[in-house]
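Student: Sequence plus the predicted model coming up.
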Amino acid sequence: MNKNLFSTVIPGIFCILYACGNGSAPSNSEKAGASAAAVNYTNECSSCHGRSGNLMMGGAKDLTRSVLSKDEVVAIISGGKGMMPGFKDKFSAQQIDELAVYAESLRK
Ligand code: HEC
């Protein structure tokens, strides 16, 4: 009886500790970050860049054709460039990072 209890309870505990069956699925916070970035992009960026990144309003670069590195994109989003305002006072470093990932995801 005791032995039986162990063989069912112990694997159950391991399962809880290591979140079994949830291996490579994105965590909830990653999903939340991605959808928050999509909302921030729509609100703050799409007026110049467009929902799909290729509106090019007022000289805005076509994000679908951007070849910049992630670091360069982060730098432009935080500090601005040319006619583009910087967003470091509006967004946290984490939000800017997520916006950079989002902007890169618009590339074709
Ligand atoms: C007022 C219009 C405007 C807004 C709002 C704006 N941008 Fe821009 N963006 C520009 C312009 C203009 C450039 C080109 C800057 C240059 O190279 O002179 C640019 C360039 C960029 C680039 C560099 C692309 C490349 O390959 O050179 C990225 C990335 C970018 N914007 C992302 C964003 C994101 C993300 C947001 C929202 C947080 C945003 N932009 C908001 C106008 C805007």
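Tutor: Done, it's in.
Student: Point out where this structure drops to low pLDDT.
Tutor: Applying pLDDT under 70 to the chain flags the ranges 1-26.
Student: Can you name the residues of the chain that neighbour the ligand?
Tutor: By Cβ under 6 Å from any ligand atom, the residues of the chain that approach the ligand are 41, 44-45, 47-49, 58-61, 63, 66, 68, 73, 76-77, 81-85, 87, 99, 103. C-beta here means a position set from N, CA and C on the backbone, and glycine is covered the same way.
Student: And the helices in the chain?
Tutor: Under the criterion DSSP state H, helices of the chain are mapped to 2-17, 28-44, 46-49, 70-79, 93-105.
Student: Mind exporting the C-alpha coordinates of the third one to PDB?
Tutor: Translated: helix 46-49. Coordinates of each C-alpha in helix 46-49 appear next as PDB, following Å, rounded to 0.1, in the frame of the first residue of the first chain:
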ATOM      1  CA  SER A  46       0.900  52.500 -37.600                       C
ATOM      2  CA  SER A  47       0.000  56.200 -38.300                       C
ATOM      3  CA  CYS A  48       3.400  56.500 -40.100                       C
ATOM      4  CA  HIS A  49       4.300  52.900 -40.800                       C
END
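Student: Isn't Glu98 up against Val39?
Tutor: No: using Cβ atoms under 8 Å, Glu98 is not in contact with Val39, being 10.5 Å away.
Student: Compare these two (neighbour count), which wins?
Tutor: Glu98 (22 against 10; other Cβ atoms under 10 Å).
Student: I appreciate the help and will end here.
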